[in-house]
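A.B. asks: I'd like to go over a predicted model; first the sequence, then the structure.
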Number of protein chains: 2
Amino acid sequence: MKTSPLQQARYQYTPKLPGMLRHGIDEICVKEGKETESVADQAKIKALFPNTYGKKEITFVKGKNNNPKKKEVVGVILSGGQAPGGHNVISGLYDALKKANKDNVLIGFKNGPSGLTSDDYLVFDDEYINAYRNTGGFDIIGSGRTKLETEEQFKVAVEVCKKHGITAIVIIGGDDSNTNAAVLAEYFAAHKAGVSVIGCPKTIDGDLKNDDIECSFGFDTATKTYSELIGNIERDANSAKKYWHFIKVMGRSASHVALECALETQPNICLISEEVAAKKMSLSEIANYIADSVEARANNGMNFGVAIIPEGVVEFVPEFRVLIDEINELLAGSKAEEFNKLSSWNEKYAFIEKGLTKESMAVFALLPQGIQQQLFLERDPHGNVQVSLIESEKLFSALVKDVLEERRKKGTYKGKFSALHHFFGYEGRCAFPSNFDADYCYSLGYNAAMLIQNGFNGYLSKVSNLSKPAEEWVAGGMPITKMMNIERRHGEDKPVIRKALVELDGKPFKYFEAHRKEWAKETAYTYPGAIQYYGPREVCDLTTRTLALEKE
Amino acid sequence: MKTSPLQQARYQYTPKLPGMLRHGIDEICVKEGKETESVADQAKIKALFPNTYGKKEITFVKGKNNNPKKKEVVGVILSGGQAPGGHNVISGLYDALKKANKDNVLIGFKNGPSGLTSDDYLVFDDEYINAYRNTGGFDIIGSGRTKLETEEQFKVAVEVCKKHGITAIVIIGGDDSNTNAAVLAEYFAAHKAGVSVIGCPKTIDGDLKNDDIECSFGFDTATKTYSELIGNIERDANSAKKYWHFIKVMGRSASHVALECALETQPNICLISEEVAAKKMSLSEIANYIADSVEARANNGMNFGVAIIPEGVVEFVPEFRVLIDEINELLAGSKAEEFNKLSSWNEKYAFIEKGLTKESMAVFALLPQGIQQQLFLERDPHGNVQVSLIESEKLFSALVKDVLEERRKKGTYKGKFSALHHFFGYEGRCAFPSNFDADYCYSLGYNAAMLIQNGFNGYLSKVSNLSKPAEEWVAGGMPITKMMNIERRHGEDKPVIRKALVELDGKPFKYFEAHRKEWAKETAYTYPGAIQYYGPREVCDLTTRTLALEKE
């Protein structure tokens, strides 16, 4: 395999551990904190997790480690979408296990949680691990989206663990995967399987965040990559002075990515889905909001700009949600066949006009024809509209164009409007982890091994104080149940980790809100440039603006 | 203005000059080479450039500079699309002028060549220049696409130069802009205007390249940025193992960008427009070529891959070219009105079927409907098809899908094929220049000032030996007329600098050709990562694989 010069250089990088994990493993001991309670629905969560609920938070401190050096066989799983740093969680875990006892074994289950239930695995050794240190991607063992949640799966898991003599499983995943880790931990405890489960918080979306998780790993690198590109496009816009760039960024359910990119690059416009929902904004209100910036800038001779659009924003527009529900209803069952038989779009349009309520038809009529057709022609196997396929960056630029044409007729707008479109998502999920993510992930994995060695089960590997230099980071563990509440999912009450949305009274949004009026009118772009792995500390070691503002 | 930590750090970067320009300006003298001849059509070019043809190539060497220190007033112009490093050409030019004589003046004409003819300008000072050192973009004075080519424009240019006391103009641009620089130089000489003209070779496309220009500036940074993203996507593809990514990269008339990115990232497929033209490949042949890789990989359990598509490739497919010409003919004049009156696509399709030759109709029928409609519905002001709007990445993935479906029916293909699409262009044109581009551009500007100080006119600022460390670079000048030949443009014979296409017997293509069979079948991805400005030399100072192979 040919490796790039950067990859060769990154192999030599030594990730920074929290100060308290820099002692020999024999000199690290557990400091117990308070017993924990779940963030809500305590009685229900306790009843569901009788064996793992209410445990104490712990931190590691310098002191004699009295645990016997029993041999550990640990299985590790990557779950869900890629995030930069996953390889470092595994290498940190591997290094700590080998340091604690050279006979310890780390097994990687392949292609996600299904690797455990199908017993598809590999055993790590130095040579294998060394080829993945400080690199991006999840290709070290692959990932997958199978969920471990049924009794049947758990039974198989116990068998597989027995076969290998596994003493612990580390699950690297998002909110759902960590919820499932807690359920699996409870199952193992209830069945005295002798296997503990530790979770690690991963997701570039940044929506796995709470009092105990300052940020999920990968968010730093992914947003730095998107911000690099957005900054470059801003500079291009400000040089060519003739295009408005509509840039969609990943993040379907929360707008943390969009907000962080906005804080890094100071674009003219950034939509925040949570605000759209809170203010119950209509498509037309959003289009007018953007058009106000286009018009104000045009009046100052600037017929260019940059707008950031979070991937999932249309799903947060109430009237659009209603429209989608009506379309799904309109095409349910045999009605889809009737619709499909109509040969021309004109006939189909008449069918739609007859079937939708007046309100939804008004929303539908606003949409550009390409998106109208997509809503009806591309449906998932259940016949539902595929909202995720909607090119919202093109939708909004089309709506803005219409608004501007109206304003031109009224004489208030006299500028030129040419739009270009971009979508950034896959570009950032597998970048080489930033120094921050490389350090944080290595620490999460190393720390997970410490939790295992100390016999904890159902815990999340917790590393905090992250806005400070790594030396000052705090390492420990938190019972996953502490982060859970009960939510209605698919018509059932489920214990889950609450997804973190952008808080409209949180400091990052407040900062954005305080500046966006100026950014909308002026050219206040900031150009972050490419992620740097070397150089001055302020260039290569700092994490997100979001975290800095939250910890201010 | 808020600047990013990287921008602050880059202000401190000192670009590396060629060794021979590191002496004081008093210690640099001119070494004359041979008299030059144009690469072809010598008699015609000589007749067109009686005052500037046949001059000697020169290089700078250590020695006493005997030129009187007369005051220079220099105007600089950015022409055409953005390329990383433009700001450094200007700062190098500024620094050398001020070093030679602190009374020298540098004037920037705004928003491209039209800034000269409309006398829209600013005067540079230290504070202004310092805010742009080592940064991307052309926002320092803006750029534009106006061409300086008419007698009328030249007359105005003489007036403006007289008004400011201008002694030299530096034009930073691509092949057309440098051609026009030569014409302007000849005009100034013929009219004894006392103004010299120096050109600097810019373009991210890499197609301004010849015996005298080893590479145009910006190509290094832009291809590194695209390669970063392609590498990240490759790693994502290899982690998720479920998508084929079709990635279009900028470069309409030549495929240097695509080829360099392929050399950096080793994708499964990279189309090269020049090869498509040379082999007279049809759409169906190209689709089958890609499908062969998809099928071979699927047979090895790999239903994922990455294909790089150069922006302009469809224009190089002979049958597609014919189709476009027929469509333009079919819609010429009043026929467009007739076509536009047809209300449904079915009627329009019948009109098209009647109007195209059988051969072109067969090509048309292959295309996905979205692209069929685009060809007829979106036309430029002259009524012509807008070939540049064609989303060729989507075109080829659709054609490949069709081929695979046929193969599935025949039983030879049993895989899964899901495609995702990307276009990278604007992301790379305004990145912070790589160390190479920062050094090269600063040297080009510094060297341009040396050429001016030594009284040269109609010269290109030439810095060569670029695959070696900057210390060993060679600085000098080459008459632009030496690079010219006569080409037929818009029905007229014109003296122009020949555009450099990818040479199919050149070393970069030969290397690609020798490896692509393996890359098509295996997963041989290389992950270059983000541009580094700091760190080990092999990580932050090396230029392109293209240049390394060419200089092997």
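C.D. replies: Now that the structure is in, tell me what you want to look at.

A.B. asks: which helix of chain A spans the most residues?
C.D. replies: Longest helix in chain A by number of residues, with DSSP state H as the criterion: helix A:219-240.

A.B. asks: Grab the most central residue of chain A for me.
C.D. replies: Central residue of chain A (CA atoms, centre = their mean): A:Asp205, 2.1 Å from the mean position.

A.B. asks: picking up where we left off before, I'd like the next helix or strand past the longest helix of chain A.
C.D. replies: Later in the chain than helix A:219-240, the nearest helix or strand by DSSP states H and E is strand A:244-249.

A.B. asks: Which positions within that following strand qualify as buried?
C.D. replies: Going by neighbour count (16 or more other CB atoms under 10 Å in any protein chain shown), the buried part of strand A:244-249 is A:Trp244, A:His245, A:Phe246, A:Ile247, A:Lys248, A:Val249. Placement of C-beta: from N, CA and C, glycine included.

A.B. asks: for chain B, what are the nearby residues on the stretch 401-550 of chain A?
C.D. replies: A:420, A:422-423, A:426-432, A:524, A:526-536, A:538-540, A:542 (CB under 8 Å from any CB of the partner chain).

A.B. asks: Skipping adjacent residues, who's closest to A:Gly312 in space?
C.D. replies: By the measure of CB to CB, 6 or more residues apart in numbering or on different chains, the closest residue to A:Gly312 outside its immediate chain neighbours is A:Arg252, 3.6 Å from it.

A.B. asks: Can you give me the pLDDT of that neighbour?
C.D. replies: In this prediction, A:Arg252 carries a pLDDT score of 85.

A.B. asks: Next, count neighbours for it.
C.D. replies: By the criterion of other CB atoms under 10 Å in any protein chain shown, A:Arg252 has 15 neighbours.

A.B. asks: what's the answer for A:Gly415, then?
C.D. replies: 18.

A.B. asks: The nearest residue to it once chain neighbours are set aside in helix, strand or coil?
C.D. replies: Excluding the flanking residues, the one nearest A:Gly415 by CB to CB, 6+ apart is A:Ala298, at 2.6 Å. Following DSSP: H, G, I helix; E, B strand; the rest coil, the label given to A:Ala298 is helix.

A.B. asks: Would you quantify the distance from A:Ala298 to A:Phe417?
C.D. replies: 8 Å (CB to CB, to the nearest Å).

A.B. asks: out of the two, which sits in the more crowded spot?
C.D. replies: A:Phe417 (22 against 19).

A.B. asks: List the contacts of the closest residue to the more buried one other than its chain neighbours.
C.D. replies: Leaving aside its chain neighbours, A:Phe417 sits nearest to A:Leu404 (5.3 Å; criterion: CB to CB, 6+ apart). Contacts for A:Leu404 (CB atoms under 8 Å, 6 or more residues apart in numbering or on different chains) come out as A:Ala291, A:Val294, A:Glu295, A:Tyr413, A:Gly415, A:Phe417.

A.B. asks: Of the residues of the stretch 401-550 of chain A next to chain B, keep whichever come out buried.
C.D. replies: A:420, A:422-423, A:426-432, A:524, A:526-535, A:539-540, A:542.

A.B. asks: buried set for the host helix or strand of A:Tyr289?
C.D. replies: Using DSSP H and E, A:Tyr289 sits within helix A:283-299. Neighbour counts using 16+ other CB under 10 Å place A:283-284, A:286-298 of helix A:283-299 among the buried residues.

A.B. asks: The following helix or strand past that helix packs against which elements?
C.D. replies: Sequence-wise, the next helix or strand downstream of helix A:283-299 (DSSP H and E) is strand A:305-310. Packing partners of strand A:305-310 (3 or more CB pairs under 8 Å, 6 or more residues apart in numbering or on different chains; DSSP states H and E): helix A:219-240, strand A:244-249, helix A:256-265, strand A:269-270, helix A:283-299, helix A:392-410.

A.B. asks: before we move on, the earlier item: do the longest helix of chain A and chain B meet?
C.D. replies: Yes. Judged by CB under 8 Å from any CB, helix A:219-240 comes into contact with chain B at A:Thr225, A:Glu228, A:Leu229, A:Gly231, A:Asn232, A:Ile233, A:Arg235, A:Asp236, A:Asn238, A:Ser239, A:Ala240.

A.B. asks: Tell me the buried residues within those.
C.D. replies: Buried among the residues of helix A:219-240 next to chain B by 16+ other CB under 10 Å: A:Thr225, A:Glu228, A:Leu229, A:Gly231, A:Asn232, A:Ile233, A:Arg235, A:Asp236, A:Asn238, A:Ser239, A:Ala240.
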